[in-house]
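S.K.: Have a look; sequence and predicted model below, questions after that.
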Amino acid sequence: PAPENGGKPCDGEAADNQACNPDPCPVDGNWGDYSAWSECSASCGGGVMERSRNCDSPAPENGGNPCEGEAADNQACNPDPCPVDGNWGDYSAWSECSASCGGGVMERSRNCDSPAPENGGNPCEGEAADNQACNPDPCPVDGQWSEWGDYGECSVECGTGFTQRERSCDSPAAAYGGQECIGDAVNPKTKKCKGRCRPGPNDGNWSEFTE
């Protein structure tokens, strides 16, 4: 009974307890901070950089829920187009030789379009035009007459004769398959002349008698 009439109270504790449900409580996982971004996977033309995080702040325990979301994250980087260095296309066909003989030049060209330089890329190295010598053989030279020379010796030593003058096919002479001079080397027009002989002594001689 309850103490009455000056009786002593009950000895001991009015309350009692005992342990229960000793299993640990579940701990839901929570993400830690992201790592630093990685380097971009490309220096130009569009790449990707990544970062990651761990589910360790805290990690899930005792049946707690895992972290929600993705451990890895990424984003685009360096989207500017890459520089494209120029490269030469094929040469054109050779042009015709600038001379048919005596040495000429033929040319060919190419374009810096395979590909063309873009986005700050380097231009093609070297020359767009090329040339080479052609038709080196000397040109044919047609012969030409020199001026008429002086009249030559008289055709006779004594009396009246004729003299002629000549010319040579050497102004220039025909060469490298050129045509010889056309016409006569000796002028057909002659000039009268007298021989240079002197009369010798003549002995006197009688004519016939008169009747």
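M.R.: Cool, got the structure. Numbering: from 1, shown residues only.

S.K.: Can you give me the neighbour number for residue 58?
M.R.: By the criterion of other CB atoms under 10 Å, residue 58 has 13 neighbours. Every C-beta, even on glycine, is put in place using the N, C-alpha and C of the backbone.

S.K.: If you could redo that for residue 68, that was the one I meant.
M.R.: So residue 68, with other CB under 10 Å, has 10 neighbours.

S.K.: and if you look at residue 47?
M.R.: Neighbour count for residue 47, taken as other CB under 10 Å: 14.

S.K.: Please tell me how far the nearest residue to residue 102 once chain neighbours are set aside sits from residue 101.
M.R.: Counting by CB to CB, 6 or more residues apart in numbering, residue 102 lies nearest to residue 139, which is 4.4 Å off, once chain neighbours are set aside. Applying CB to CB, to the nearest Å, the value for residue 139 to residue 101 is 4 Å.

S.K.: and what of residue 172?
M.R.: Counting by CB to CB, the gap from residue 172 to residue 101 is 16 Å.

S.K.: Same question for residue 167.
M.R.: 28 Å.

S.K.: quick one: which of the two has more around it?
M.R.: residue 167 (17 against 14).

S.K.: What are the phi and psi values at the more buried one?
M.R.: Backbone torsions of residue 167, given as degrees, to the nearest 10, read phi -140, psi 160.

S.K.: my guess is it contacts residue 185, does it?
M.R.: Yes: if you go by CB atoms under 8 Å, residue 167 and residue 185 touch, sitting 6.0 Å apart.

S.K.: before we move on, back to that, quick one: contacts for the residue nearest to residue 102?
M.R.: 100, 101, 102, 176 (CB atoms under 8 Å, 6 or more residues apart in numbering).

S.K.: what about the nearest residue to residue 187 once chain neighbours are set aside, how many neighbours?
M.R.: In space, and not counting its chain neighbours, residue 187 is closest to residue 165: 5.1 Å by CB to CB, 6+ apart. Close neighbours of residue 165, defined as other CB under 10 Å, add up to 15.
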